[in-house]
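# fold the following and give me the result.
(chains A and B)
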Amino acid sequence: MAIIATQNLKRVFNTTTGVIRRKKKEIIALDGVDLAIEKGELFGVLGPNGAGKTTLTRILATILLPTSGSAEVFGLDAVKKAKEIRPRIGIVFGGERGLYWRLSGRDNLQYFADLYRMPPEVTKKRIPEMLELVGMTDRANERIEGYSRGMKQRLHIARGLLHDPELLFLDEPTIGLDPVAARDLRQVIHDLNAAGKTIFLTSHYMFEMDALCNRVAVVNKGKILIMDTPSALKKLVANLEVVEIECFGAPNELIEKLRAHPSVESVNIEMLDQTQLLQIQAPAGTEKVQEFLAILNGVQVRKVITRQPTLEDAYVKLVGKEGKGA
Amino acid sequence: MFPGRLRSTLRIFGNSFMLQTKENRLSQYFIAAMLIQPVIFTLLSVGTYLYGKKPDFGLFAITGSGLVGIFNNILWTSGEIISRERRYETLSLIMATPTSLFLILLGRSFANALISIFAMGMTFLTGIIAFKLPLGINNPWIFMAGLLLVVLALTCLGLVFGSLFVLSRNAGEFIEASNFPVYILSGLSIPLTLLPFWTRPFSAILAPTWGNEILNNAARAVGFNFWPDFLWLIGLSLVYFLVGWFLYKRVEVLAFKSGNLETW
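I've put the predicted structure just below:
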């Protein structure tokens, strides 16, 4: 039996705009999502901002009601049986908030342990264990407001694991962390999965999904575009190569010309400090670099490389020619 | 020995109480509301009665100002608990635990209420120091019991108002707008006898009305029967509690439906 199963899951948010002439607007955050996640899986949901990752996580974590469709966790209806699901799941949202800043790390854990109705004799052992797991023992008695972002994030993990949940929801847990803290956190996630926890992870970092997940669902505009193993997703772009051109301010019309080139599958633009990185996907062996550079005639180019495609390129191809989204 | 469920419920209540006390200790607003606001209210109201050559109303003004301070603190901070939870983005996390939001807020509102008794002390102190009013209390035990009952009733009323904050981040404006009508209708700022008769039913359903009655009688009267006022206040607390409990049940569902738990 799947630990998580959704069928035709839909969520619409209603908003209003304007002051005098108020207009109602419907935003479709999830649009017919079907999922089945097995026990012990580390399942990733990958998508740009606004794709519906957080909405999906919140519905499965029983803190948001779907508009239609069904969502089951442990075979229980996530709407009607929320109270039975809650003690068995852990939730970790990315970012700095989600903790009581005026309390110490230890007090935060103690409070959540009580809310999960953990017996004091269990809490007494479990809190030091969790602090040790995330490397926070030394700073546990300090107030949260003095913690770095990475420390807060590690404490989030400890809080999410405190009551020993069978299923852990991690919503962009490494967002905003420095590379070392993010790497450490990925190791914690990997170890947890190796210890048997089922993990539902959302992220917009492709390499994170590649490194951690058994299976990945790519979502955009509320729909699942594809769901497979990272290696299978990479095969989608196996016959492509990626030409990366780092340049200073290529005008939009030239980028549109590049996109219109018959050999170009997609163009993704990444903004670096002072330059733009154009990632052009084209069939392998076409050797069109000179033609691409000719289109960019007049633009100052800093660096050109040709490389093998990654999961990120598969994602770019799937999500669309507009790149990574907003 | 308590059964396990009851013990863990009491622990949640106690730890929610402690959490709120620690939060308040560092809240500048709370400190200002405890120390400065009661003094200003007392200076204004006692000063007005003395200026109007009605020194007999001195004690009335003191207890009224004290209750204004308590009412203001409880109601405002009950809402502020939810607003702060939204700001910290902990609201959805605590609502995702097996504990009901009502129980969590009950413990935290009670902490606010208990601490807000300090406001009453500040008003008495202001009356003694600034106006040299003779503020002897004839029935100190009844006064203390009445004060605790008022705090209990206002904690429950705070839960009713607090539920609105779960639904909307703009609930504070509603609370603010309702403050002064409550002061007037409860007889905290002017005696009830000065109000038109049709306002009486509104006064009767407000806990501060009965709290004011009990505290004034306990301070001044000799040999009065306090039980009717006490029973009425206990009854009101029960009604507020049940209305608050019902509202939180409804509000939890509506908040999960609207998905605005992180909006602040």
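
# how close does residue B:242 sit to chain A?
21 Å (Cβ to the nearest Cβ, to the nearest Å). All C-beta atoms are positioned from the backbone trio N, CA, C, and that covers glycine.

# what helices and strands are in contact with the helix or strand that contains residue B:105?
Using DSSP states H and E, the element containing residue B:105 is helix B:101-131. If you count contacts as 3 or more Cβ pairs under 8 Å, 6 or more residues apart in numbering or on different chains; DSSP states H and E, helix B:101-131 packs onto helix B:4-25, helix B:28-51, helix B:58-88, helix B:91-95, helix B:140-167, helix B:227-258.

# could you list the low-pLDDT ranges of chain B?
B:1-3, B:26, B:30, B:53-57, B:135, B:169-172, B:261-264 (pLDDT under 70).

# can you tell me, leaving aside adjacent residues, what's nearest to the closest residue to chain A within it?
Closest residue of chain B to chain A, Cβ to the nearest Cβ: residue B:89 (3.6 Å). Closest residue to residue B:89 apart from its sequence neighbours, by Cβ to Cβ, 6 or more residues apart in numbering or on different chains: residue A:97 at 3.6 Å.

# is it true that that neighbour touches residue B:86?
No - counting by Cβ atoms under 8 Å, residue A:97 does not reach residue B:86; the two are 9.8 Å apart.

# how far off centre is the helix or strand hosting residue B:181?
Take DSSP H and E as the rule and residue B:181 turns out to sit in helix B:171-185. The gap between where helix B:171-185 is centred and where its chain is centred comes out at 12 Å by Cα atoms, centre = their mean, to the nearest Å.

# what's around residue A:238, how many residues?
10 (other Cβ atoms under 10 Å in any protein chain shown).

# near chain A, which residues of the stretch 151-264 of chain B? Just list them.
For the stretch 151-264 of chain B, the contact set with chain A under Cβ under 8 Å from any Cβ of the partner chain comprises B:253, B:256, B:257, B:259, B:261.

# of those residues - the most surrounded one?
residue B:261 (23 neighbours).

# would you map the helices across chain A?
A:53-60, A:82-85, A:105-115, A:120-133, A:149-161, A:179-194, A:206-212, A:230-235, A:252-260, A:289-295, A:311-319 (DSSP state H).

# enumerate the positions of stretch A:272-290 that are buried.
Within stretch A:272-290, the residues that count as buried by 16 or more other Cβ atoms under 10 Å in any protein chain shown are A:275, A:276, A:278, A:279, A:280, A:281, A:282, A:288, A:289.

# list the contacts of it.
Stretch A:272-290 is contacted from outside by A:237, A:239-250, A:255, A:258, A:261, A:263-271, A:292, A:302, A:304, A:306, A:309, A:313, A:316-317, using Cβ atoms under 8 Å, 6 or more residues apart in numbering or on different chains.

# same thing but 7 Å
Identification of contacts with stretch A:272-290 by Cβ atoms under 7 Å, 6 or more residues apart in numbering or on different chains yields A:237, A:239-250, A:258, A:263-270, A:292, A:302, A:304, A:306, A:313, A:316-317.

# and for stretch A:258-266?
A:240, A:267, A:280-283, A:286, A:288, A:291-292, A:295, A:316-317, A:321.

# now stretch B:116-129
Taking Cβ under 7 Å, 6+ apart as the rule, stretch B:116-129 contacts B:34-35, B:38-39, B:42-43, B:46, B:58, B:62, B:65-66, B:69-70, B:73-74, B:133, B:135, B:147, B:151.

# same question for stretch A:108-123.
Counting by Cβ under 7 Å, 6+ apart, A:87, A:99-100, A:126-127, A:130, A:144, A:155, A:158-159, A:162-163, B:8, B:11-12, B:15, B:19, B:94, B:97-99 sit against stretch A:108-123.

# just give me the neighbour total for the nearest residue in space to residue A:87 that is not next to it in sequence.
Counting by Cβ to Cβ, 6+ apart, residue B:98 is the residue found nearest to residue A:87 once chain neighbours are left out, at 4.8 Å. A count of neighbours around residue B:98, defined by other Cβ under 10 Å, yields 16.

# kindly report the same for residue A:112.
Neighbour tally, residue A:112, other Cβ under 10 Å: 25.

# could you do residue A:298 as well?
For residue A:298, using other Cβ under 10 Å, the count is 7.

# what of residue A:253?
Other residues close to residue A:253 by other Cβ under 10 Å number 8.

# per-residue pLDDT of it, please?
You'll see residue A:253 listed with a pLDDT of 88.

# how about the one 5 residues further on?
Note for residue A:258: predicted pLDDT of 89.

# roughly how far apart are it and residue A:308?
Residue A:258 sits 20 Å away from residue A:308, going by Cβ to Cβ, to the nearest Å.

# okay, these two: which has more neighbours?
residue A:258 (19 against 12).

# so how far is residue A:249 from that one?
When residue A:258 is compared with residue A:249 (using Cβ to Cβ), they lie 14 Å apart.

# and residue A:260, by the same measure?
Relative to residue A:249, and taking Cβ to Cβ, residue A:260 is found at 20 Å.

# could you do residue A:94 as well?
32 Å.
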